[in-house]
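**Q** One predicted model, sequence on top.
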Amino acid sequence: MERVMENNAIDASMPIHFTIPKLGKGIDLYDVQLCLRLYLEGLGFRSIEGMVGESHVSVINWVKK
């Protein structure tokens, strides 16, 4: 008797192969350098977010590096 799978069920014995590589957003190096320069000049993370258009969390992560 064959094993019947319900809809949307994933069989653990069947490997999942991803065919499309994840490219990501591709942050421009100029934007990163600009954010770091603005941070060094004393601007806050949220004000940099408003000026450059990048998330303040991204700016925090770049500064931590």
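**A** Done, it's in.
**Q** by contact count, what packs against the helix or strand hosting Ile60?
**A** Using DSSP states H and E, Ile60 maps to helix 56-64. The contact analysis (3 or more CB pairs under 8 Å, 6 or more residues apart in numbering; DSSP states H and E) places helix 56-64 against helix 29-40, helix 45-52. Where C-beta positions appear, they are placed from N, C-alpha and C, glycine not excepted.
**Q** buried set for that helix?
**A** For helix 56-64, the neighbour count (16 or more other CB atoms under 10 Å) marks His56, Ser58, Val59, Trp62 as buried.
**Q** And for stretch 37-55?
**A** Leu38, Tyr39, Leu43, Phe45, Ile48, Glu49, Val52, Glu54.
**Q** what about that stretch, average pLDDT?
**A** Stretch 37-55 carries an average pLDDT of 93.
**Q** what's the span of that stretch from first residue to last?
**A** Its start and end residues considered, stretch 37-55 measures 16 Å (CA to CA, to the nearest Å).
**Q** For that stretch, what is the distance to the chain centroid?
**A** Distance of stretch 37-55 from the chain centroid (CA atoms, centre = their mean, to the nearest Å) equals 18 Å.
**Q** hang on, the earlier thing: got CSV for the helices and strands packed on helix 56-64, with distance to Pro21 too?
**A** Converted to CSV, these look like this (distance: least, CB to CB, whole Å):
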stretch, distance to Pro21
helix 29-40, 21
helix 45-52, 27
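**Q** hang on, the earlier thing: please tell me how far the helix holding Ile60 is from the chain's geometric centre.
**A** So, by CA atoms, centre = their mean, the centroid of helix 56-64 is 12 Å from its chain's centroid.
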